[in-house]
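>>> structure of the sequence below:
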Amino acid sequence: MNSRAFGAVVTSSPQSPLPQDARSLAATARAAGAACEQVQVAELVARARAAQRTFAIAGQRTLDTAASAAAWAIMEPARNRQLAELAVADTGLGNVDDKIQKNFRKTLGLLRDLHGRRTTGVIAQDAARGIVEIARAVGVVAAITPSTNPAATPANKIINALKCGNAVIVAPSPKGYSACALLLRFIHAELAKASLSPDLVQMLPAPISKAATAALMQQVDLVVATGSQANVRMAYTSGTPAFGVGAGNVASIVTASADLADAAQKIARSKTFDNATSCSSENSVVIEDAVYAPMIEALRAAGGVLLDEAQKRALQAVMWVDGKLSAQCTAKSAQVIARLAGLASVAAQQPAFLMVEETGTGADHPFSGEKLSPVLTVYRARDFVDAMSLVERLYAYMGAGHSVGLHGGDPAQAVQLGQTLPVARVIVNQAHCFATGGNFDNGLPFSLSMGCGTWGKNNFTDNLGFRQYLNVTRVAYPIAAVVPEVDDLLADYFGRFGR
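Here you go, the predicted model:
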């Protein structure tokens, strides 16, 4: 704090706390600032509500038009490139070419998922049950978005919200503010073509603060939060219905029946895409002992460099500072990270990703956690059962509920993982970061926000999609009563245990 704000006689230092009057003034200033932010947010929400009331009853075609406008705003090639370049320039995370691909493919896939879907009015009728389902908008949505995807994630949430008749206000990360602001400028230009109100899509003003984000969460009808677990916890405690996502720390298992070259190439693609900004990029690979050595060689052939113990210690020192993951390595290339760690000989090899061997899990073994960088932790397992147990320990530390990868030729093992591990998705023989959030070669919905269920302290296990942005009203008509007999329903129980 600058002492001059309170006059020359006031001093402040960690060893010399502020005098009581200065602390009171500071508290008053903070309270005044928070009150101002509450008013600013209330004005945004009021405009959003006014626009949304008309929009919600405008009909399916208007909702589809708005969603298409937001999609084209990010997909149009020149604008896509501008957004990707600005995102990398301002956040320092990822790389431009991969962000261009992500912006386009994630949005194209979402359009595919939404195409032809009814999201307003009667959406289903079941004559036998006498039930009619009516889709209703939730109202005004707060979209909390991360710096790792400052254009793709807001676009995904905006498109889903508009498709369902909602207005949306984005709370971007401070680093991602400029890219999000540019995205909204493009969206407003497209909405204007269709004579739709720009107040349907707004964002918090700069500078983004926790107080403003909290105020937004409290004043809207629904919160969808992607990013840090701190933001997710704030969403869940805001008093507003919320969908949040769990922490990533994906592991993939490579079994003895796997096509090793194929597995290595897919893991490498997933690990390196956009410098591992995705929560769905592998952080660890668990390899069965029978194929450990050849799989390491396959990963080397795919661009990985395996560090020795001394190099591993140097890498750990730069990646974790005072026990916390350092931002200086987040979403940087493997070559940059190697240079930061003083590993010139490794950087000279132009690695696509770095590998470290590990045996333990937990806080004392930081490489067992999420790294958000092209650094892959390698574990050796005796067999498939041991591999499952090792992944379970990894997820007990971090990443429970997210997903697990499997490379192998036994389909039954995938089902076994789904029945045993605390995961919402099992990704089989695919590049994990592309597959988990939906891809054109699997049936999962396209999304950048993955629910992790109660394992990850979330209230859903789906890929966040349009269904989470809807209320559904059910009309129940009378039908012919069918009352079952007790003996029919409890026949098995009575047969085994008697009455």
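>>> now residue 195: phi and psi?
phi 60, psi 40 (degrees, to the nearest 10).
>>> run a quick neighbour tally on it.
8 (other C-beta atoms under 10 Å). In this view, the C-beta of every residue, glycine as well, is placed from N, C-alpha and C.
>>> ranges for the helices of the stretch 351-499 of the chain?
With DSSP state H, counting those that start in this stretch as the criterion, the stretch 351-499 of the chain has helices at 384-397, 411-420, 432-435, 486-489, 491-497.
>>> mean confidence score for the fourth one?
In this model, helix 486-489 has an average pLDDT of 96.
>>> got it, and the longest one?
In this model, helix 384-397 has a mean pLDDT of 98.
>>> coming back round to it: out of the helices of the stretch 351-499 of the chain, which is closest to residue 207?
helix 432-435 (31.3 Å; C-beta to C-beta).
>>> for the closest one, packing partners?
Secondary-structure packing of helix 432-435 (3 or more C-beta pairs under 8 Å, 6 or more residues apart in numbering; DSSP states H and E): helix 260-272.
>>> do that again at 10 Å, thanks
For helix 432-435, the packing partners by 3 or more C-beta pairs under 10 Å, 6 or more residues apart in numbering; DSSP states H and E come out as helix 96-114, helix 260-272, strand 404-407, strand 426-428.
>>> pull out the buried residues from it.
432, 433, 434, 435 (16 or more other C-beta atoms under 10 Å).
>>> where's the first one relative to residue 253, distance?
If I follow you right, that is residue 432. In this view, residue 432 and residue 253 are 11 Å apart by C-beta to C-beta, to the nearest Å.
>>> shared neighbours of the two, anything?
Residues touching both residue 432 and residue 253 comprise 404, 405, 406, 407, with contact defined as C-beta atoms under 10 Å, 6 or more residues apart in numbering.
>>> tell me the most packed of these, by neighbour count.
Neighbour counts for the shared contacts of residue 432 and residue 253 peak at residue 405, which has 33 neighbours (criterion: other C-beta under 10 Å).
>>> so how far is residue 58 from it?
Look at residue 405 and residue 58: by C-beta to C-beta, they are 43 Å apart.
>>> before we move on, back to that, buried deepest among the helices of the stretch 351-499 of the chain, which one?
Highest mean neighbour count among these (mean count of other C-beta atoms under 10 Å): helix 432-435, with a mean of 25.
>>> got a list of contacts for that one?
So helix 432-435 is in contact with 101-102, 105-106, 248, 250-252, 266-267, 269-274, 276-282, 403-407, 425, 427-429, 439-442, 444, going by C-beta under 10 Å, 6+ apart.
>>> walk me through the domains of the protein.
43-245+466-474, 251-438 (the TED database).
>>> in JSON lines: the ones you listed, plus distance to residue 487.
Shown next, in JSON lines, are the domains of the chain (distance: least, C-beta to C-beta, whole Å):
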{"stretch": "domain 43-245+466-474", "distance to residue 487": "25"}
{"stretch": "domain 251-438", "distance to residue 487": "33"}
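>>> residue 455: which of those is closest?
domain 251-438 (3.4 Å).
>>> and residue 189, helix, strand or coil?
The local conformation at residue 189, judged by DSSP: H, G, I helix; E, B strand; the rest coil, is helix.
>>> surely residue 54 meets residue 197?
Yes - with contact defined as C-beta atoms under 10 Å, residue 54 reaches residue 197; the gap is 7.8 Å.
>>> and those two? which has more neighbours close in?
For residue 54 versus residue 197, the count of surrounding residues by other C-beta under 10 Å is larger for residue 197: 18 against 12.
>>> what sits against the more buried one?
Neighbouring residues of residue 197 by C-beta under 10 Å, 6+ apart: 47, 48, 50, 51, 52, 54, 55, 66, 167, 188, 191.
>>> now residue 333, nearest residue through space, not along the chain?
In this structure, residue 333 finds its nearest non-sequential neighbour in residue 275, 5.8 Å apart by C-beta to C-beta, 6 or more residues apart in numbering.
>>> residues contacting the one you found?
By C-beta under 10 Å, 6+ apart, the contact set of residue 275 is 88, 92-95, 98-99, 148, 281, 329-334, 336-337, 353, 372-374.
>>> buried ones among those?
In those, burial by neighbour count holds for 88, 93-95, 98-99, 148, 281, 329-334, 336-337, 353, 372-374, counting by 16+ other C-beta under 10 Å.
>>> okay, how far is it across stretch 160-179, tip to tip?
Using C-alpha to C-alpha, to the nearest Å, one end of stretch 160-179 lies 19 Å from the other.
>>> same question for stretch 272-287.
OK, stretch 272-287 end separation, C-alpha to C-alpha: 19 Å.
>>> what is the mean pLDDT for that stretch?
Mean per-residue pLDDT for stretch 272-287: 96.
>>> which is the next helix or strand following the host helix or strand of residue 47?
Assigned by DSSP states H and E, residue 47 belongs to helix 20-56. Counting by DSSP H and E, the next helix or strand C-terminal to helix 20-56 is helix 60-75.
>>> what's the helix or strand just after that following helix packed up against?
Scanning forward in sequence from helix 60-75 by DSSP H and E, the next helix or strand is helix 77-91. Counting contacts by 3+ C-beta pairs under 10 Å, 6+ apart, helix 77-91 is packed against helix 60-75, helix 96-114, helix 152-163, helix 177-193.
>>> among the ones you listed, which is nearest residue 463?
For these, the distance to residue 463 is smallest for helix 96-114, at 9.4 Å, taking C-beta to C-beta.
>>> for the closest one, name the packing helices and strands.
helix 60-75, helix 77-91, helix 152-163, helix 432-435.
>>> quick check: which of these is buried the most?
Comparing these on average neighbours, where mean count of other C-beta under 10 Å defines a contact, helix 152-163 leads with a mean of 30.
>>> picking up where we left off before, among the helices and strands packed on helix 77-91, which is nearest residue 459?
helix 152-163 (17.1 Å).
>>> between the buried residues of helix 432-435, which is nearest residue 202?
Using C-beta to C-beta, the buried residues of helix 432-435 come closest to residue 202 at residue 433, 30.5 Å.
>>> returning to that earlier point: minimum distance to residue 224: which of the helices and strands packed on helix 432-435 has it?
helix 96-114 (14.0 Å).
>>> list the neighbouring strands of the following helix or strand past that closest one plus their orientation.
Per DSSP H and E, the first helix or strand lying C-terminal to helix 96-114 is strand 121-126. When pairing is defined by DSSP bridges, strand 121-126 lines up against strand 131-137 (antiparallel).
>>> partner strands of the following helix or strand past the strand it pairs with, with direction?
Using DSSP H and E, the helix or strand that follows strand 131-137 in sequence is strand 140-144. Paired neighbours of strand 140-144 in the sheet (DSSP bridges): strand 167-171 (parallel), strand 222-225 (parallel).
>>> any chance of those strands in CSV, with distance to residue 215 too?
Below are those laid out as CSV (distance: least, C-beta to C-beta, whole Å):
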stretch, distance to residue 215
strand 167-171, 10
strand 222-225, 12
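>>> out of those strands, which gets nearest to residue 470?
That would be strand 222-225 among these, by C-beta to C-beta, at 9.9 Å.
>>> and the closest one, C-alpha only, in CSV?
Provided in CSV are the C-alpha atoms of strand 222-225 (Å, rounded to 0.1, in the frame of the first residue of the first chain):
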residue,chain,number,x,y,z
LEU,A,222,-27.2,-19.4,-13.4
VAL,A,223,-23.5,-19.6,-13.2
VAL,A,224,-21.3,-21.7,-15.4
ALA,A,225,-17.7,-21.7,-14.2
